[in-house]
Each structure stands twice: as structure tokens, then as C-alpha cells.
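Here is my input, please return the structure:
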Amino acid sequence: MLGGIGGWIVGKLKYLLLIAAVGGPIVAWSSWEDGQRRREVEAKGQTATATIDGATRTKRRRSGTSYRVHLSWTDTAGQTHAAKDVPISRGMADRIIVDDRIQVDTLPIRYLAEGGAADRLEAGENVIVVDDEASQLQTDDEMITIGIGAGIVGALGSALLFWLGRRRPQAQPA
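So this is what the prediction gives:
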């Protein structure tokens, strides 16, 4: 079909599209699951005011920068809870952290502590920052769209390129 550098590029593109066909739906599913968990905490969770005990910023070469806060609060029964690594958006991090110092003492949160959810509370899985929820849900929705789009483009593109690569020229009668 193509020789030299063009063939090499098409060969790499085949596998890139195949990765998108598999990875796109995985991204969409994990974002959907995260959004469902957030909506459940928002609907069934209890409201509290949490103290910010610390914050972390993690810079990764490929996936960008993520921000997390460490929170503690007292529930209505007087029991103290703590959650590490509660994810927040960059916009919320910019409001909380100025010049590498935490400028806000407390945040309104919602948490889900009933049933088996209490086990995941400490890991920050069932805690949401109320003021940041709209931004987090918007990011989840965008990632669902991107994942579905990448899956469709990857599946159609890789199928087309693999089909074109399998075609053989038919012999012409002399």
C-alpha cells in the first residue's frame, strides 16, 4: 500500500487507533462511575464543615497535575472523621492555596458514612467538597464524551486501516 516512511506511519497509526478503541471506553466507564459515586454522595450524604489539615499537588509528566486535600471533621454524633486525598479541581486549589500556603481553614463537605461506605471514607472516596462539585461533575462529563469519541474513532479507524492493509490486488487477465 505505502512504502518507506508513509508505511511506517500508517503502521503506527493502526495500533494507536486500536489503543484508542480500547482505552476510550475504559476512560468513559471510569469517569461515569466516578460521577455516579459523586451524585450518590451528593444525594445521600451528610453535610459537615471540614478543617483542611493539608494539601498535596502531584505533577505527572503525561497526566498533568492533580490536587488533593486532607480533611477532618466531627459528625452530629460527636465522632471525629478524617479523609486523606480528597480530589479537588485546579480552580478550587487556586482558591485554597496561594503562594504554596493554605489560605482557607474550612470547607463545606458532604460525606457518605453509612453501611460499607465508612470503610472507604478514610481514603477520601466518599467525601466531596460542596463548592467544587459542579466543576468535578463537569470534568467527569467531558471525560465520558472524550472517551466515547476516542472509542468510536479508534474502532472505525483501526478497522478501516486493518481492512485496507489486508486487501490484495487482484490479478488482471493478460
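
In the host helix or strand of W73, which residues are buried?
In this structure, W73 sits in strand 64-74 according to DSSP states H and E. Going by neighbour count (16 or more other Cβ atoms under 10 Å), the buried part of strand 64-74 is 66-71, 73. Any C-beta I mention is one placed from the backbone N, CA and C, and that applies to glycine too.

go on, stretch 37-52?
Across stretch 37-52, burial judged by 16+ other Cβ under 10 Å covers 37-38, 41, 45, 48, 50, 52.

Please work out which residues outside that stretch touch it.
Residues outside stretch 37-52 that contact it (Cβ atoms under 8 Å, 6 or more residues apart in numbering) are 69-76, 83, 96, 102, 104-114, 125-128, 130, 133, 136-137, 140.

And stretch 132-142, by the same measure?
31-32, 34-35, 38-39, 42, 87-89, 91-92, 128.

List only those of those residues flagged as buried.
31-32, 34-35, 38, 87-89, 92, 128.

Take the residues you listed and lay them out in JSON lines including pLDDT.
Listed next are the buried ones among the contacts of stretch 132-142 as JSON lines, based on pLDDT from 0 to 100:
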{"residue": "S31", "pLDDT": "93"}
{"residue": "W32", "pLDDT": "94"}
{"residue": "D34", "pLDDT": "89"}
{"residue": "G35", "pLDDT": "91"}
{"residue": "R38", "pLDDT": "89"}
{"residue": "P87", "pLDDT": "90"}
{"residue": "I88", "pLDDT": "91"}
{"residue": "S89", "pLDDT": "90"}
{"residue": "M92", "pLDDT": "91"}
{"residue": "I128", "pLDDT": "90"}
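
can you tell me which of those residues are in strands?
In strands, defined here by DSSP state E, the members of these are 87-88, 128.

ok, now which ones touch the closest residue to K59 other than its chain neighbours?
Distance criterion Cβ to Cβ, 6 or more residues apart in numbering; nearest residue to K59, sequence neighbours excluded, is T65 at 4.9 Å. Residues in contact with T65 (Cβ under 8 Å, 6+ apart) are 57-59, 90.

Which two of the buried residues of strand 64-74 have the greatest separation?
S66 and W73 (22.4 Å; Cβ to Cβ).

For the protein, which segments count as helices?
4-44, 90-96, 133-166 (DSSP state H).

Just put the ones in strands among the buried ones among the contacts of stretch 132-142 in CSV and tack on distance to S158.
What follows is these, written out as CSV (distance: Cβ to Cβ, whole Å):
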residue, distance to S158
P87, 33
I88, 36
I128, 37
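
ok, so of those residues, who is nearest I146?
Nearest to I146 among those, with distances taken as Cβ to Cβ, is P87, at 18.2 Å.
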